[in-house]
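In: Provided below are the primary sequence and the corresponding predicted coordinates.
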Amino acid sequence: MAAVRKLIVEVVDARNLLPKDGHGTSSPYVILDFYGQRRKTRVVARDLNPVWNEVLEFNVGKPSDVFGDMLEVDVNHDKSLGPTTRTNFLGRVRLNSQQFVKKGEEALIYYPLEKKHLFSWIQGEIGLKIYFVDDVAPPPAPPSPPSSEEVKAETKSSEVADAARAGDSEDPPATGKDKPNDEPPPPPPVPEAAPTEPVPPSEASNQDHDSDPDDSGDDHVQPSNPMKQERFDFDQLRTSRSMPDIKISGAIPIGPQPIPRTSSVSSFTTDVSDRFPIERSSFDLVEKMHYLFVRVVKARALPTPGNPVTKIVVSGCQVISKPARKTMYFEWDQTFAFRRDAHDSASILEVSVWDPLISSSMSDVAGHNFLGGICFDATEILLRDPPDSPLAPQWYRLEGGGAHKGDLMLATWVGTQADESFPEAWKTDTAGNPSSRSKIYQSPKLWYLRATIIEAQDVSMSSSSFQIKAQLGFQVQKTKSIGTRNGTSSWNEDLMFVAAEPFSDQPLMLFLVEQRSPKETTVVGVASIPLASIERRVDDRIVVSKWLTFEDPNEEKRVYRGRVQVKLFFDGGYHVMDEAAHVCSDYRPTAKQLWKPPIGTIELGIVGCKNLLPMKSINGKGSTDAYAVAKYGNKWVRTRAISDNLDPKWNEQYTWRVYDPSTVLTIGVFDSWEAFGSDGQKEPTRSDFRMGKVHIRISTLEIGKVYKNTYSLMLLNAVGLKKMGELEVAVRFVRMAPTLDFLNVYSQPLLPIMHHIKPIGVVQQDVLRTIAVKITAAHLARSEPPLRREVVTYMLDADTHAFSMRKVRANWLRIVNVLSRVIDMVRWFDDTRSWKNPTSTFLVHILLMMLVWFPDLIIPTLAFYVFMVGVWNYRFRSRAAPPHFDTKLSLAETIDGNELDEEFDMVPCTRSNDMVRVRYDKLRMIGARVQGVLGDIATQGERAQALVTWRDPRATGIFLGLCLVVAIILYLVPSKMVAVTFGFYYMRHPIFRDRMPSPALNFFRRLPSLSDRIL
């Protein structure tokens, strides 16, 4: 039965509405409009915080140009319940249907009410629950019994159909010697879809192209009785076939025609334009790769009781299909893609059917096991380029062998990698490995599960210390151990877990653990909560707590062991981090209701690799089976693995939606071992070897510009930096949102609002990210073909947080580089002050006087200066490819071998004691330097405090006396004069200065600090 989708809107309540009746209250009601359907709630009289709790239902139709896919919620005031001199409009909410979720994922969300126009005065918010449900449509009513006249008419039509079948059966059978006419009649229109399902026997027999009439013009009459539609259609069809008196010898060609096995004949393609590809907008970032597609569907009338196979030979390449599945026909439904190069223009395509006994040896010595074949001229095969409709397969008579009346249904065409049959087809460049197909994967939807342990009651124990342990799968969290008073104790601790949707049957387990000794614990009670029953929250609203009962885990019967008060809910307002923060590709919250519309799309064309290093040795020859993986948001793509090729060409193009420009697209290249694990083994013997990756930040791309560049694949391991090859990609960012909406994204917070309202600690965030990576890797490893764990871990940068002395030095140089502009500014001012360039110094004196006498010009002058710097740097902006890994900035080329070994060493350390001692001594030396810097910073701060704390009474007295003198001078002398005098004095000529430090600096250095009190 067909399912009818409906939109359910639960109007819960509203808060802080605007008074409209002139007496400080309002009588609100809600009007909802969706696809032209209007619903209205009841009126709540005189209440600024009304509660409706009404469920409204809407039918979901197809997208319409008249009615948009927006849900409009208007809150109005009922004028009949109170006088008002104003408008009755209280606010509105407009929601896109893309934000709605299915039943079970809904949550109560409070939407702020919006204005109708600029001068509206609106306040408050409305709480809604919105979700889709699929209702099963009721079955149609049973038809009324037919009258006697209808029964007689039906009987008469069946008799005519039986006579037609008898007339058809008297036709002589077709022979394999019949050939199609040299000039066939004009072909009928090509059907829209290829017939892949078995047809009835009577219809299949009429499809013989040697003896069947043309039935393309049959009229199909729809019966009035729907319950008899199937039978009635067949009767009408058979009757109409017996009416024409025209016979056509030969098939009506709608596809490539077979050629005799000894010679070739003309094909039906006479238009030269059909033989050349038509460039489309899709796959425009990569090169066109032409393939010869052969789709073998099924065969009939084969003289074999077994499961035959088909053998396809073209351009010196041959492949054998899987054994046929025997039903009404011998079915394969398998597609093969052969790379078509320019030098293969005169090749012959041969498709033959073999008995399984001889097909295993691929020899045709025993002719009686050869069941027949067909040959095609590959240069005359139709060229198809999407969005053309799929080519319809047709029946071909097998020639030679033992199949005198056997037919083979197939379709053959020339296409590109944009063909919809390409991903699942057998390909020549993948050596037939089924795991090397191009695939798209989706990361699981991750939620933060927050369990707030409040208190426990009725706990009777021999010990006075206990704790609560919560477990979800492999995740275990514990509260602190506390004592109990009269069987009651409280924690108020938050325990957070990561859960993947759809939720498994494994519940959240709570254990009441008794701490009898520091090393002895006993589980006293157990409570379980199914994940599907836990509430979902998308904001910071308070969730109602519940009481859970602990039961004795060792008793067969339910024995009460106490109870615990908890708050359990899924926090959908957070973004579950599974990537490193600096290369994150998505910042959207988990709850779909909070998603903003996309601002654009990113298109990636993975062209290929060059000069790859051999990763393994097969029969003494270096080999690499490379494939690429790209990740952005929750969408992963994987190219096909090209076997034994150091310069693979994929030419695959993918598209992602972009919700934030400050995100990163990651592309990685790996060497596959799946081909060696497919021969009788469930998994490969080795893990896929990483060969390098590329990060492309979306915000660095210009809109609409195609960046086609080659990036070096650099891999840093314990041996050193190694160049594994080059990756060629093409990238384009296309903006979808209006310009103002696109620019407004830069003013929005990067992370969802819950990260700012109730932030998660840094240490806890790292732990949750590690768990999220494990869950994502386990989920993608269960796909077919699987995305290996080592691939997911490398793409998510899950192993880059180990200590590295190289990164410490690199980060220090980054800080120095940032401060270099400030240092250059200080040096320039010092040179100006030293009168090294008298003209510049004179201009600075004039600028000082202008800014002192006209202080309103200070901020505009600074802003204009920054503007001029930016305009000047525009000339030197980078026009090269998007930035890649910088080996000099990373200090990867000059790193020491011992530091590399330390960086890639595991935790705990596996090196010898002497090596660990050397590393520890080196770390102590660096720690001593850091200790000295921290001490100097603390000393300067303590000296500043000593100015007024009377640690040195004489120094404090001098400082206070100077403050009094300065205050009197500034009261008597205008501040502009003081500023000009101080500026001129500070920039005086060097001949008027002393080489010794200034008295003020000498005074500050003599102030005491607390460094002399440290042991």
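Out: Yep, it's here. Residues are numbered from 1 along each chain as shown.
In: mind checking the SS state of the residue nearest to residue 50 when sequence neighbours are not counted?
Out: Excluding its sequence neighbours, the residue lying closest to residue 50 (CB to CB, 6 or more residues apart in numbering) is residue 44, at 3.6 Å. For glycine as for every other residue, the C-beta is placed from the backbone atoms N, C-alpha and C. Classification of residue 44 by DSSP: H, G, I helix; E, B strand; the rest coil places it in coil.
In: Show the pLDDT at residue 44.
Out: Turning to residue 44, the model gives it a pLDDT of 91.
In: Show the contacting residues for it.
Out: Neighbouring residues of residue 44 by CB atoms under 8 Å, 6 or more residues apart in numbering: 27, 28, 29, 50, 51, 52.
In: Restricted to strands, list the residues you listed.
Out: 28, 29, 51, 52 (DSSP state E).
In: so which of these comes closest to residue 832?
Out: Each of those was checked against residue 832 using CB to CB; the closest is residue 28, at 67.9 Å.
In: Would you tell me which helix is longest in the protein?
Out: helix 913-945 (DSSP state H).
In: can you tell me which residues contact residue 893?
Out: Residue 893 neighbours (CB under 8 Å, 6+ apart): 721, 887.
In: that's a strand at it, yeah?
Out: No. Applying three-state DSSP, one finds residue 893 to be coil, outside a strand.
In: For it, give me the pLDDT.
Out: 83.
In: For it, what are phi and psi?
Out: phi -90, psi -20 (degrees, to the nearest 10).
In: In contact with residue 437, which residues are there?
Out: 423, 424, 430, 640, 785.
In: From the residues you listed, pick the one nearest residue 862.
Out: For these, the nearest to residue 862 is residue 640 (56.5 Å; CB to CB).
In: SS state for that closest one?
Out: coil.
In: ok, now which ones touch it?
Out: With CB under 8 Å, 6+ apart, residue 640 has these contacts: 427, 429, 430, 436, 437, 438, 627, 650, 652.
In: Give me the lowest-pLDDT entry from the residues you listed.
Out: Lowest confidence among the contacts of residue 640: residue 436, with 74.
In: if you skip the residues just before and after it, what's nearest to it?
Out: Per CB to CB, 6+ apart, closest to residue 436 is residue 641, 3.7 Å.
In: Could you check how many residues crowd around that neighbour?
Out: Neighbours of residue 641 under the rule other CB atoms under 10 Å: 29.
In: for residue 879, same thing?
Out: Residue crowding around residue 879 was assessed by other CB under 10 Å; the count is 6.
In: for the one 10 residues further on, same thing?
Out: Applying the criterion other CB under 10 Å, we find 11 residues in the vicinity of residue 889.
In: and it, what pLDDT?
Out: On the pLDDT scale, residue 889 gets 87.
In: Could you measure from it over to residue 746?
Out: 26 Å (CB to CB, to the nearest Å).
In: For residue 406, which residues are in contact?
Out: 299, 300, 301, 302, 303, 353, 371, 372, 397, 398.
In: my read is the first one is in a strand, agree?
Out: I take that to be residue 299. Yes. Per three-state DSSP, residue 299 lies within a strand segment.
In: ok so, going back, which of the contacts of residue 44 has the most neighbours?
Out: Busiest of those [other CB under 10 Å] is residue 28, holding 28 neighbours.
In: roughly how far apart are that residue and residue 111?
Out: Separation of residue 28 from residue 111 (CB to CB): 15 Å.
In: just residue 606 next, same as before
Out: Using CB to CB, residue 606 is found at 41 Å from residue 111.
In: Which one's more surrounded, the two?
Out: Neighbour count, other CB under 10 Å: between residue 606 and residue 111, residue 606 has more, with 26 against 18.
In: Look up which residues are beta-bridged to the more buried one.
Out: residue 652, residue 729 (DSSP bridges).
In: ok, which stretches of the stretch 701-850 of the chain are strands?
Out: 706-716, 721-735 (DSSP state E, counting those that start in this stretch).
In: What residues sit buried inside the last one?
Out: Read that as strand 721-735. 724, 725, 726, 727, 728, 729, 730, 731, 732, 733 (16 or more other CB atoms under 10 Å).
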